[in-house]
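Colleague: One predicted model, sequence on top.
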Amino acid sequence: MATLLAVGIQGLVMVVITVISLLMPSMTRRDLLFGVTVAHNARETAEGKAIIRRYRLGVLLVAVIEAIGLALLWLLAPPHFWNSLWIVIIPLVLVLIPDIPYLLAWRSARALAIALPPASTPAPSAGLRPRRYADYVPLIWEALPLALIALTASYLAFTYAAAPAIIPTHFDAAGNPNAFSTKSIGSYFMLVWTQLFLYALITFLSVLTVRAKATVRVPVFLKLAPDLDEAAMDGIAKVIATTDLDGLIVSNTTITRDPVAGMENASESGGLSGKPLFNLATRRLAQMRQRTSLPIIGVGGIHSPESALAKFEAGANAIQLYTALVFGGLDLLDRIKRGLANTVRAEGKSNISDVVGRRAAEWAKGELSL
């Protein structure tokens, strides 16, 4: 019975590892193929499909060989075999052998790899560089389960004798043992099995983490200062055209004090926000709208429905405000929304997007102000 239990546990370990190995190519990030950074559509190419197919056939072949090996051990191994150190070594073999198809697939997948920037080369501004496998699943998560299993195996091997021990399992009314059972290192294999379960669980959670990070992408917007000149805006437009930036925020606060010259505290340092920033920020917004088709969030000096409308007309796809909320309260948001809605309806339009950029040229030339 003990032999059958040991073989059954080993077989269950083999099944769990095989299932995880078969599912692994479908559960990792789309731009990772067996630890190699590839193009997002690499899996759908004929070569990519062939690599995955060969890997899964290799996993199945390894599983068949392991099953035959366990069956032969069950039939031919002497009883004392299952009470020896082999009871710890076998699960390690069952875990490590499926890595052979993985390594072969990794070698084949390298032919599909895309070039990664050298470690000393900084990533381009706002660019999303290809991720290495360790960026998402640290290698410690790969090594930790096997280390736990090895430590547990060593602990069992040196703590418990290989020969069976006679353990009382039942006692009579007087407290004297009247039934006995033999227990050996094989009886304590449940501790190793627990570590193997943790290995499978950690691997599964790691795969889910990688997959989640591959499917959830946080939009990246670049926020610009209103103090840029034409040359700086031309340079920024050229750079962002080569990246996968999601949009712009125009603009940040300004360091100029021209809008508040002569006012009390005008000489204080720091960024100037609020209504005095509006005309400068809106002009820079219109000038960037002429240089890019990316979505732009218009920011700076919005304080009324009229100023919000001007941002859209200058080229903003959305607006953002903060300083005016300090003085106008949250009711300002309702006033702005109602004012924009009334304007759209009065002009016979169906959406605020219909007015986006219609006066960008005038704002860019400085012909308009508010």
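Modeller: In hand now; what should we look at? Numbering: from 1, shown residues only.

Colleague: Tell me which residues are up against stretch 104-116.
Modeller: Contact with stretch 104-116 is made by 33-39, 42, 45, 47-48, 51-52, 54-55, 58, 129-130, 132, as judged by C-beta atoms under 8 Å, 6 or more residues apart in numbering. Just so you know, the C-beta spots here come from the backbone N, C-alpha and C atoms, and that holds for glycine as well.

Colleague: Ok, stretch 254-268 next?
Modeller: Ala225, Pro226, Asp227, Gly270, Gly271, Leu272, Pro276, Leu277, Asn279, Leu280, Ala281.

Colleague: Do I have it right that the first one meets Ser251?
Modeller: This points to Ala225. Yes: using C-beta atoms under 8 Å, Ala225 makes contact with Ser251 at a distance of 6.1 Å.

Colleague: and those two? which has more neighbours close in?
Modeller: Taking other C-beta atoms under 10 Å, Ala225 and Ser251 do not tie; Ser251 has more neighbours (26 against 15).

Colleague: Before we move on, what's the pLDDT of the more buried one?
Modeller: We note a pLDDT of 94 for Ser251 in this prediction.

Colleague: Who are the contact partners of it?
Modeller: With the criterion set at C-beta under 8 Å, 6+ apart, Ser251 makes contact with Lys223, Leu224, Ala225, Pro226, Leu277, Leu280, Ala281, Arg284, Leu285, Val299, Gly300.

Colleague: domains of the chain?
Modeller: Domain assignment of the chain by automatic domain parsing yields the ranges 2-116+136-170+180-215, 221-365.

Colleague: mean pLDDT for the ones you listed: which is lowest?
Modeller: If you rank the domains of the chain by mean pLDDT, domain 2-116+136-170+180-215 sits at the bottom with a mean of 76.

Colleague: so Asn178 is in which element?
Modeller: Per DSSP states H and E, Asn178 falls inside strand 177-183.

Colleague: roughly how far is that strand from the heart of the chain?
Modeller: Distance of strand 177-183 from its chain centroid, counting by C-alpha atoms, centre = their mean, to the nearest Å, is 54 Å.

Colleague: likewise stretch 320-336?
Modeller: 36 Å.

Colleague: Over to stretch 43-52?
Modeller: 23 Å.

Colleague: how about the helix or strand Met24 falls within: buried residues?
Modeller: Secondary structure from DSSP H and E places Met24 in helix 2-27. Residues 2-3, 6-7, 9-11, 13-14, 16-18, 20-21, 24-25 are the ones in helix 2-27 that count as buried (16 or more other C-beta atoms under 10 Å).

Colleague: Out of those, which is nearest to Ala364?
Modeller: Pro25 (51.3 Å; C-beta to C-beta).

Colleague: That closest one contacts Arg53, correct?
Modeller: No: using C-beta under 8 Å, Pro25 makes no contact with Arg53, being 9.6 Å away.

Colleague: ok, then the element right after the longest helix out of those in the chain?
Modeller: The longest helix of the chain (DSSP state H) is helix 46-76. Proceeding N to C from helix 46-76, the next assigned helix or strand is helix 86-96, under DSSP H and E.
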